[in-house]
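Undergrad: For reference, the sequence and a predicted model appear below.
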Amino acid sequence: MMRAPRGLSRLLQAARGWGCPGAMSRYGTEQRGRPNSPDYRLYFKTADGKYISPFHDIPLFAASKEKEHYNWKATAMPKREGDKEIPAKRSKTTGSEVLFNMIVEVPRWTNAKMEIATEEPLNPIKQDIKKGKLRYVANIFPHKGYIWNYGALPQTWEDPNHMDNITGCCGDNDPIDVCEIGSKVRYSGEIVQVKVLGVLALIDEGETDWKIIAISVDDPEAHKIHDIDDVKKHKPGYLEATVDWFQLYKVPDDKPKNHFAFNGEFKDKDFAVEIIKSTHEHWKALLHKKTDGGTINRTNVLVSGSPFCCTEEDARSIVQSAPMHVSGDAVSPEVDYWYFCPK
């Protein structure tokens, strides 16, 4: 059996110690409140019905196709601030790639800005609200809503108190974002195993907001897409569209265009993995009360040793205190308007 590189072994052992369920675990969701309204919530639970936090209790690492076979390539990027060790360059192995769990918040082609409620107990998915109104992203020529399945990696946190030594900006106080570029339209609350391909460094209103580019491992093209250059080869134009989308998506709301570190250049898989490792370490500090969490709600059920761990009964009470699920409201026809934003 192929052994994992030493640096990865430590990370995997740490991940297992953070309350990771078994490799074959499944997750479900439960709707509460009224869809298309401010009180709508989507809570998460395990296969045996235990309510959990998707932010804290779903493991970052997913099972690999071949048990305990991993390909964790070391990065050639400079040592990042706060990292004690970056392993030396290693050659590729023939083992299966490291897979991560992605929490889908927004399905492709939809407009509602659904997100993990980081400030609420058990962190359900809810719709963002700005200025008292439900938030929808605009349709920007030639796109309809989000152009990927959009979501986040659990057990990661972009620390707003940590100045990124690459971008020069602090984190945005959220789990790290993921753009899944596979061919399927996913659903909100779905847990998808993904391969990381690269990363884009968005600077959003002065905050570092990394966008991980990934593809679901069950996608028909996943076997031939392993890094950011493969995306350029097999999905030409997709990365350029991604930059355009993130640059312009707030313009219809009378906000300026966003900008990027590295002049909008996508960094490769190795670089992206280092970013994920860093945000995972920040999350661990958050859950062990080693850093100021501010308004982040750290209530969890499965994180071993966390002072914020609650009982299954407490978690059930949190969910049951939310309004019962009822039929949803109609969505305003303005959501379907189309905007042309000059570059």
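TA: Right, received. Where do you want to start? Numbers count the residues shown, from 1 in each chain.
Undergrad: now the strands: where do they sit in the stretch 1-150 of the chain?
TA: Taking DSSP state E, counting those that start in this stretch, the strands of the stretch 1-150 of the chain run over residues 27-32, 41-46, 51-52, 100-106, 114-116, 125-127, 129-130, 133-134, 139-140, 149-152.
Undergrad: now for these, which one comes closest to Gly294?
TA: Distance to Gly294, taken as CB to CB, is lowest for strand 114-116 among those, at 15.5 Å. C-beta: built from backbone N, CA, C; applies to glycine.
Undergrad: Can you give the strand pairings for the closest one, parallel or anti for each?
TA: strand 125-127 (antiparallel) (DSSP bridges).
Undergrad: Give me the distance from the strand it pairs with to the chain's centre.
TA: 14 Å (CA atoms, centre = their mean, to the nearest Å).
Undergrad: quick one: contacts of it?
TA: Contacts with strand 125-127, where a contact means CB atoms under 8 Å, 6 or more residues apart in numbering, come from 36, 38, 40-42, 54, 103, 105, 112-117, 120, 134-135, 188-189.
Undergrad: Recalculate using a threshold of 6 Å.
TA: 41-42, 105, 112, 114, 116-117, 134 (CB atoms under 6 Å, 6 or more residues apart in numbering).
Undergrad: Name the residues of that strand that are buried.
TA: Residues 125-127 are the ones in strand 125-127 that count as buried (16 or more other CB atoms under 10 Å).
Undergrad: May I see the strands of the stretch 1-150 of the chain arranged in CSV, with mean pLDDT and distance to Glu312 as well?
TA: Formatted as CSV, the strands of the stretch 1-150 of the chain follow (pLDDT from 0 to 100; distance: least, CB to CB, whole Å):
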stretch, mean pLDDT, distance to Glu312
strand 27-32, 97, 14
strand 41-46, 98, 10
strand 51-52, 98, 7
strand 100-106, 98, 21
strand 114-116, 98, 21
strand 125-127, 98, 21
strand 129-130, 93, 30
strand 133-134, 94, 32
strand 139-140, 96, 42
strand 149-152, 98, 24
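Undergrad: and of the buried residues of strand 125-127, the nearest to Asp230?
TA: Ile125 (30.4 Å).
Undergrad: what are the bridge partners for that closest one, then?
TA: Beta-bridge partners of Ile125, counted by DSSP bridges, are Leu42, Ile116.
Undergrad: how close does it sit to Ile228?
TA: 28 Å (CB to CB, to the nearest Å).
Undergrad: Show me the longest helix that occurs in the chain.
TA: helix 269-287 (DSSP state H).
Undergrad: Excluding covalently adjacent residues, which one is nearest to Thr291?
TA: Ala285 (4.4 Å; CB to CB, 6 or more residues apart in numbering).
Undergrad: what's around that neighbour, how many residues?
TA: 16 (other CB atoms under 10 Å).
Undergrad: again, but for Lys232
TA: Lys232: 15 neighbours (other CB under 10 Å).
Undergrad: contacting residues around Gln31?
TA: Taking CB under 6 Å, 6+ apart, one finds 42, 325 in contact with Gln31.
Undergrad: Bridged to it, which residues?
TA: Leu42.
Undergrad: do the same with Ile191
TA: Residues in beta-bridge contact with Ile191 (DSSP bridges): Ile103.
Undergrad: Tell me, how many residues neighbour it?
TA: 20.
Undergrad: Also the one 10 residues further on?
TA: Under the neighbour criterion other CB under 10 Å, Ala201 is assigned a count of 23.
Undergrad: ok so, going back, out of the strands of the stretch 1-150 of the chain, deepest packed?
TA: Most buried of the strands of the stretch 1-150 of the chain, by mean neighbour count (mean count of other CB atoms under 10 Å): strand 149-152, with a mean of 27.
Undergrad: mind listing the helices for the stretch 1-150 of the chain?
TA: For the stretch 1-150 of the chain, the helices defined by DSSP state H, counting those that start in this stretch occupy 6-17.
Undergrad: how about low-confidence regions in it?
TA: The stretch 1-150 of the chain contains residues with pLDDT under 70 at 1-25, 63-96.
Undergrad: if you set the cut-off to 80 instead, what comes out?
TA: The stretch 1-150 of the chain contains residues with pLDDT under 80 at 1-25, 63-97.
Undergrad: got it, and the stretch 151-300 of the chain?
TA: For the stretch 151-300 of the chain, no range has pLDDT under 80.
Undergrad: Could you pull out the helices in it for me?
TA: Counting by DSSP H, counting those that start in this stretch, one finds helices in the stretch 151-300 of the chain at the ranges 228-234, 238-248, 269-287.
Undergrad: picking that back up, tell me what the longest helix of the chain is packed against?
TA: Counting by 3 or more CB pairs under 6 Å, 6 or more residues apart in numbering; DSSP states H and E, the packing neighbours recorded for helix 269-287 are strand 191-204.
Undergrad: ok, now how distant is the residue nearest to Thr291 from Asn161?
TA: 10 Å.
Undergrad: and Ser208, what are its bridge partners?
TA: In this structure residue 208 is Thr, not Ser. Assigned bridge partners for Thr208, using DSSP bridges, are Gly171, Ile203.
Undergrad: Looks like it contacts Asn165 (just checking).
TA: No - applying CB atoms under 6 Å as the test, Thr208 and Asn165 come out as separate, 10.5 Å apart.
Undergrad: who has more neighbours, these two?
TA: Thr208 (23 against 12).
Undergrad: which one of the strands of the stretch 1-150 of the chain lies closest to Gly237?
TA: strand 139-140 (15.3 Å).
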